[in-house]
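Sequence below, structure please.
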Amino acid sequence: MYKNMIFTALLMLSTNLFAEGFYLDSTDVRGQISNDQVFNSFGCSGKNISPQLNWHNAPQGTKSFAVTMYDPDAPTGSGWWHWLVFNIDKSVEIIKTGASKQAMPAAAIESMTSYGSRGFGGACPPAGDKPHRYIITVYALDIEKIDQTGDARPELIGFFLNRHAIAKASIMAYYGR
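Sure, this is the predicted structure:
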């Protein structure tokens with residue numbers, strides 16, 4: 001009887017631990033991209049402010065984080081990379097609103113986007129196109145550092161992220177014009 005009680009208690013504890021998995025949240029992105037996260041060029045007139053992001057319950061073995069924002073609906077045949085940040089220290093769990101290019105965590109690198117520049121580039125789908133999906137993902141990585149610079153192309157960073165991810169969490173928002 002005593003062994004069954006211990007087994008049940010351990011099972012309940014492990015279930016609760018796994019139920020609280022790695023997740024991403026934002027106070028700025030809630031289902032729809034706001035004008036704050038819309039690009040300010042290419043025919044769009046948003047504020048181009050990077051969103052606040054916070055993540056919790058990173059898996060054991062996490063040595064660093066990376067963040068991306070990707071539009072799989074861009075009419076390019078390969079999507080559109082709006083933001084790539086890597087080498088975020090494992091102690092970091094939040095990126096503040098507007099941090100891109102000004103207040104990123106120490107040692108974090110913002111690399112090239114599909115716009116051809118570094119840092120956050122907001123949503124800007126073609127006028128009249130269906131609303132696009134914008135997927136923001138935080139990656140828990142098994143390496144402390146990706147040995148690349150801010151000039152690295154999104155596809156190269158994507159290779160390292162997929163190769164070294166031990167977990168990832170995403171939120172998705174929509175925007176059309």
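
tally of neighbours for Arg30?
Number of residues near Arg30 (other C-beta atoms under 10 Å) recorded here: 12. For glycine as for every other residue, the C-beta is placed from the backbone atoms N, C-alpha and C.

which residues does it bridge with?
When bridges are taken as DSSP bridges, the partners of Arg30 come out as Gln32.

What's the per-residue pLDDT of it here?
With respect to pLDDT, Arg30 has a value of 91.

what does Lys3 give?
In the predicted model, Lys3 carries a pLDDT score of 44.

The spatially closest residue to Gly31 that is not a sequence neighbour and Ile136, how far apart?
Counting by C-beta to C-beta, 6 or more residues apart in numbering, Ala173 is the residue found nearest to Gly31 once chain neighbours are left out, at 5.8 Å. Relative to Ile136, Ala173 is positioned 8 Å away (C-beta to C-beta, to the nearest Å).

Pull up the overlap in contacts between the two.
Common contacts of Ala173 and Ile136, defined by C-beta atoms under 8 Å, 6 or more residues apart in numbering, comprise Val29.

if we can go back for a sec, pretty sure the residue nearest to Gly31 contacts Val38?
No. In this structure Ala173 lies outside contact range of Val38 using C-beta atoms under 8 Å: 11.2 Å.

Surely Thr113 is in contact with Gly119?
Yes. Taking C-beta under 8 Å as the contact criterion, Thr113 and Gly119 are neighbours in contact, 7.4 Å apart.

Between the two, which contacts overlap?
Overlap between the neighbourhoods of Thr113 and Gly119 consists of Trp83, taking contacts as C-beta under 8 Å, 6+ apart.

contact partners of stretch 151-159?
Stretch 151-159 is contacted from outside by 66, 68, 81, 84, 86, 111-114, 146, 148, using C-beta under 8 Å, 6+ apart.

how about that stretch: buried residues?
By 16 or more other C-beta atoms under 10 Å, the buried positions in stretch 151-159 come out as 152, 154, 157-158.

Figure out how far it is from the centre of its chain.
Offset of stretch 151-159 from its chain centre (C-alpha atoms, centre = their mean, to the nearest Å): 14 Å.
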